[in-house]
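> Got a predicted model here, sequence first, then my questions.
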Amino acid sequence: MEFCHIVPTNYIPIVDGYKRHLVLAHLVEKNHKYVDAYLSIKHQDTTFIMDNSAFEMFKLNKPMFDPDKLIDLGNKIKADIIVLPDYPREDYQKTIDQCEKYIDTFKSAGFGVMFVPQSRLGDLQGYIECVKYGLNNKKIDIVGLSILGCPTALGLQENAYGVSNSRQYKLQRYKSRFQILNELNNNGLLTENAINRFHCLGMADGPKEIKLLCQFSKYIQSWDTSSAAWHGINGVLFDQSETGLINGKIESEVDFDITFDDNNISNIRTNIKYIDNLVSQYGGTIWNR
């Protein structure tokens, strides 16, 4: 498993040396410093995945990012893979239809593609059908398992940024991707065709989700989260509780423009090392120099 540590713009040099990074389209579009910082750590063996910012737009109650902009932005950041448009909490067929509309254009432009299944709230079967489509479409390089898509399929209604969730909800969210993978297995979808095909988009309610999913590690190609950096900047270190975050994750939006502070470096590095150790133990090879 390759891990993508997402950090605010002024902290990007910390993750130089990692072989895979997830960058956000809405920041590539408007933040020149963000683009320049990532280009400065782009090496010959580095893979950039450009997300379509669906999670961020959804949590901000904003419309989904315009997919017609993604190729130009992918070229701007020298992305290797672009995340196809997906539509949280909408009918799963819409995400499939948008894949059909854009996949050949993205592939012809020289990009690999990630397909992120979605569904209406509680439509588990629709979500499974969406995953099945992604796994069976040979043009799709990676299938994303989202911290929006998985809970939504199981009937969990995610809130906008800044709205607190109950403890019961957080427990359900923490286990949602584990439940989805079990459902995929029960539906006969975790075959050889699924090995190394999934990317876990975001982390639920603590870093020990990596351990929770260890039995499925051979299916997971990569994973991303801003959790190590954002919790470190807010003075929170991962712990030895069941999830690794005894009080649950910080629900606020990551401030990518936050001012650099040397005092944050130790916390960020400690949290990154915590995740890297979990990946080494439960997720396969750790990809950093």
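Received the coordinates, thanks. For clarity, every value in this text was computed on a predicted model and none was experimentally measured. Numbering: from 1, shown residues only.
> Please enumerate the helices of the stretch 101-250 of the chain.
124-136, 149-153, 167-174, 176-186, 209-212, 227-233 (DSSP state H, counting those that start in this stretch).
> following the helix or strand of the chain with the lowest mean pLDDT, which helix or strand comes up?
Every helix and strand in the chain was compared by mean pLDDT, DSSP states H and E; the lowest is helix 54-59, with a mean of 80. Under the assignment DSSP states H and E, the closest C-terminal helix or strand after helix 54-59 is helix 70-77.
> Can you name the element that comes right after that following helix?
Proceeding N to C from helix 70-77, the next assigned helix or strand is strand 81-83, under DSSP H and E.
> Report the mean per-residue pLDDT for stretch 151-169.
The average pLDDT within stretch 151-169 is 80.
> swap that for stretch 222-238, please
The pLDDT scores in stretch 222-238 average 97.
> got the residue ranges for the strands in this protein?
Taking DSSP state E, the strands of the chain run over residues 2-5, 20-24, 47-51, 81-83, 112-115, 142-146, 198-201, 220-225.
> tell me the most buried of the helices of the stretch 101-250 of the chain?
Comparing the helices of the stretch 101-250 of the chain by mean neighbour count (mean count of other C-beta atoms under 10 Å), helix 149-153 comes out on top with a mean of 27. Glycine gets a C-beta too; all of them are placed from N, C-alpha and C.
> hey, C-alpha coordinates of that one in CSV?
Extracted in CSV, the C-alpha atoms of helix 149-153 (Å, rounded to 0.1, in the frame of the first residue of the first chain):
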residue,chain,number,x,y,z
GLY,A,149,-19.7,7.0,-0.4
CYS,A,150,-19.3,4.1,2.0
PRO,A,151,-21.3,5.6,4.9
THR,A,152,-24.0,7.0,2.6
ALA,A,153,-24.6,3.6,1.1
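> How far does that helix sit from its chain's centre?
Relative to the chain's own centre, helix 149-153 is displaced by 14 Å; criterion: C-alpha atoms, centre = their mean, to the nearest Å.
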